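Participant: here is my input, please return the structure:
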Amino acid sequence: MTDLFADDAPMHPQPVSDSADAPLADRLRPEQLSQIVGQDHLVGSSGPIGRMVAAGRLTSMILWGPPGTGKTSIARLLAAAVQMRFVAISAVFSGVADLKKAFADAERAQAAGQRTLLFVDEIHRFNRAQQDGFLPFVERGTVTLVGATTENPSFALNAALLSRAQVLILKRLDDADLAHLATRAEQVTGRPLPLDQDARAALIASADGDGRFFLNQIETLYAADLDAPLDPAALGRFLQRRVAVYDKDRDGHYNLISALTKSLRGSDPQASLYYLARMLTAGEEPLFVLRRLVRFASEDIGLADPQALVQCLAARQAYDFLGSPEGELAIVQACLYCATAPKSNAAYMAQSHAWRSARQTGSLAPPAHILNAATRLMKEAGYGAGYAYDHDTADGFSGADYWPQEMEPQQFYRPVARGFERQVKERMDWWNRRRSTAEGA
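Facilitator: The predicted structure is shown next:
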């Protein structure tokens, strides 16, 4: 790889290329922080980066955001704004030897009175031990670390490193930001985009907030030297459809399953179906979604609609039988059933309270009258004495006390007055009144 740490490495960011042969993204690369698109909450005068630049002093930071939102440009311009030496490495291509050389060069620069901004792209790809290697140099001020990551730093980075760096969140570019980039591209090239207004909007939507991808698509359009503007259908045929940004073991995975769960819990079948589609069309394992639906049926619906669990298990069986794509309709049916079912977390809360009580009370013995007298000795010891067989009573309910003598009766399960649980609640209330009457007699 190119030696980024040689003595003649650039002390300041390289100027933006003016060559007409340079990639469009390079030609439009901002030359000052105020030109960064879509991140005013960070680089504006009241933002954390804007304030640091105004003070002339940087702290180490982690730039967390989606691809193509300006992380590299911000780091490059930060160094120029505060007159720092700029060194960039990528965790994809660098190892321990590269880091050692970068730190050694930074120490020599520090001795000469020059500060170093070390930009580490994809910093989450360094393992835990490599991340720990940054700590002494950050603490001593040998380098000001600016790391860039698309992954949640809470999970991807060491706690020790996070405690020494400020996490700054970049936003995905919205339609107005991308439209601004399109206008700048037209100004720099002196050519209008070969698209009608509807196709222009479709191109913006296809970028999914990624400015770099958007500019690359524009460059592809310019390179084709089209004779007439394209409409949305023609644009779709011309450009390959972009695959949804979704890593099945990373943030996209957890964010979308969280969105699906909360939409189901909020009884919004339309939003639930949207997030289900987002996951399945992006390649999520259908069985993962089915597992979450089965859990949801017990945790968030429970006995308010006992058929929810049946529907989800049937969907799992149907998917096993049919496979994709036919079996995905059964997943849709289960999703819609859960979204439109009455909700209750009473069973979930009952489990939580009962488990906690069981841990706290240890090995309390059940009352003797409900113990089985399997031997004569046990019968002589009082096992089973006074047991009331509920089926022999007039109402099929004896009202006996089944709790350990050392423990007051508890109320773990509190059904709600919704769905089938309304009937369960009515029965339980009746039983509780009968018990109260029996105890007062």
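
Participant: what distance separates the start and the end of stretch 142-156?
Facilitator: 24 Å (Cα to Cα, to the nearest Å).

Participant: return the set of buried residues in stretch 432-441.
Facilitator: Arg435 (16 or more other Cβ atoms under 10 Å). Yep, even glycine has a C-beta here, placed from its N, CA and C like the rest.

Participant: same question, stretch 67-76
Facilitator: 68-76.

Participant: nearest to Gly323 among those?
Facilitator: Gly68 (35.6 Å; Cβ to Cβ).

Participant: ok, what's across the strand from Gln166?
Facilitator: Legend: beta-bridge partners of Gln166 under DSSP bridges are Met61.

Participant: number of residues surrounding it?
Facilitator: The number of residues packed near Gln166 is 14, by other Cβ atoms under 10 Å.

Participant: hmm, back to that, which of the buried residues of stretch 67-76 fall in helices?
Facilitator: 71-76 (DSSP state H).

Participant: out of these, who's nearest Gly44?
Facilitator: Ile74 (12.3 Å).

Participant: identify the residues contacting the helix or strand hosting Lys262?
Facilitator: For Lys262, the host element (DSSP states H and E) is helix 251-265. Applying Cβ atoms under 8 Å, 6 or more residues apart in numbering, the set of residues contacting helix 251-265 from outside is 150-152, 245-247, 271-272, 274-276, 278-279, 282, 284, 288-289, 292, 296, 300, 335, 338-339, 343.

Participant: for ChimeraX, write the selection for the buried entries among the residues you listed.
Facilitator: The following ChimeraX line selects those of the contacts of helix 251-265 that are buried, judged by 16+ other Cβ under 10 Å:
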select :150,151,245,246,271,272,275,276,278,279,282,284,289,292,296,300,335,338,339,343
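
Participant: cross the contacts of helix 251-265 against strands and list the overlap.
Facilitator: When DSSP state E defines the strands, the subset of these inside them is empty.

Participant: from what I see, Ala199 and Asp231 are in contact.
Facilitator: Yes - judged on Cβ atoms under 8 Å, Ala199 makes contact with Asp231 at a distance of 5.4 Å.

Participant: tabulate the ones in helices among the buried residues of stretch 67-76 (CSV), appending pLDDT and distance to Leu63.
Facilitator: Formatted as CSV, those follow (pLDDT from 0 to 100; distance: Cβ to Cβ, whole Å):
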residue, pLDDT, distance to Leu63
Lys71, 94, 4
Thr72, 92, 9
Ser73, 93, 10
Ile74, 95, 6
Ala75, 94, 7
Arg76, 93, 12
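
Participant: from the buried residues of stretch 67-76, pick the one nearest Glu421.
Facilitator: Thr69 (46.4 Å).

Participant: for that closest one, what are phi and psi?
Facilitator: For Thr69, the backbone dihedrals (degrees, to the nearest 10) come out as phi -110, psi 0.

Participant: start the count at 6, not 1, going forward
Facilitator: From this message on, residue numbering opens at 6, which makes the last subject Thr74.

Participant: quick one, grab the pLDDT at it.
Facilitator: For Thr74, the model assigns a pLDDT of 91.

Participant: picking up where we left off before, pick out whichever of Ala204 and Asp236 has more residues nearby.
Facilitator: More crowded of Ala204 and Asp236, by other Cβ under 10 Å: Ala204, with 21 against 14.

Participant: ok, then the element right after the strand or helix carrying the more buried one?
Facilitator: Using DSSP H and E, Ala204 sits in helix 202-211. Once the chain leaves helix 202-211, the next helix or strand it forms, by DSSP H and E, is helix 216-229.

Participant: tell me what that following helix is packed against?
Facilitator: helix 29-32, helix 180-194, helix 202-211 (3 or more Cβ pairs under 8 Å, 6 or more residues apart in numbering; DSSP states H and E).

Participant: and the second one with helix 216-229, angle?
Facilitator: So the one you mean is helix 180-194. 40 degrees (axes from the mean of the first three to the mean of the last three Cα atoms, to 10 degrees).

Participant: show me which residues of helix 180-194 are buried.
Facilitator: 182-183, 186-187, 189-190, 194.

Participant: separation between the closest residue to Glu144 other than its chain neighbours and Arg120?
Facilitator: Nearest in space to Glu144, with sequence neighbours left out and distances taken as Cβ to Cβ, 6 or more residues apart in numbering, is Arg169 at 6.7 Å. Counting by Cβ to Cβ, to the nearest Å, the gap from Arg169 to Arg120 is 16 Å.

Participant: before we move on, what about Ala111?
Facilitator: From Ala111 over to Arg120 (counting by Cβ to Cβ), the distance is 9 Å.

Participant: now list whatever residues contact both of those two.
Facilitator: Arg90.

Participant: looking at those two, which has the bigger crowd around it?
Facilitator: Ala111 (24 against 18).

Participant: near Ala228, how many other residues are there?
Facilitator: Count around Ala228 with other Cβ under 10 Å applied: 9.

Participant: before we move on, back to that, can I get the helices and strands packed on helix 216-229 in a markdown table with mean pLDDT?
Facilitator: Converted to a markdown table, the helices and strands packed on helix 216-229 look like this (pLDDT from 0 to 100):
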| stretch | mean pLDDT |
| --- | --- |
| helix 29-32 | 86 |
| helix 180-194 | 93 |
| helix 202-211 | 88 |
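
Participant: including distance to Trp69, could those go into JSON lines?
Facilitator: Output for the helices and strands packed on helix 216-229, formatted as JSON lines (distance: least, Cβ to Cβ, whole Å):
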{"stretch": "helix 29-32", "distance to Trp69": "21"}
{"stretch": "helix 180-194", "distance to Trp69": "18"}
{"stretch": "helix 202-211", "distance to Trp69": "24"}
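
Participant: show me what the helix holding Ala204 is packed against.
Facilitator: helix 180-194, helix 216-229, helix 237-243.

Participant: phi, psi of Leu235?
Facilitator: phi -90, psi 150.

Participant: can you list the domains in the chain?
Facilitator: The chain breaks down by automatic domain parsing into domains covering 29-174, 180-243, 256-345, 370-445.

Participant: and these as a markdown table, adding distance to Arg364?
Facilitator: Putting these into a markdown table (distance: least, Cβ to Cβ, whole Å) gives the following:
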| stretch | distance to Arg364 |
| --- | --- |
| domain 29-174 | 29 |
| domain 180-243 | 47 |
| domain 256-345 | 20 |
| domain 370-445 | 13 |
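
Participant: Trp360: which of these is closest?
Facilitator: domain 370-445 (9.3 Å).

Participant: just to revisit the earlier point, got CSV for the buried residues of stretch 72-81, with distance to Thr398 too?
Facilitator: Converted to CSV, the buried residues of stretch 72-81 look like this (distance: Cβ to Cβ, whole Å):
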residue, distance to Thr398
Gly73, 72
Thr74, 70
Gly75, 75
Lys76, 73
Thr77, 78
Ser78, 79
Ile79, 76
Ala80, 78
Arg81, 82
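
Participant: now do the top helix by length along the chain: everything it contacts.
Facilitator: If each helix of the chain is counted by residues according to DSSP H, the longest one is helix 426-445. Outside of helix 426-445, the residues within contact range by Cβ under 8 Å, 6+ apart are 307-309, 347, 349, 351, 400, 402, 404, 418, 420-422.
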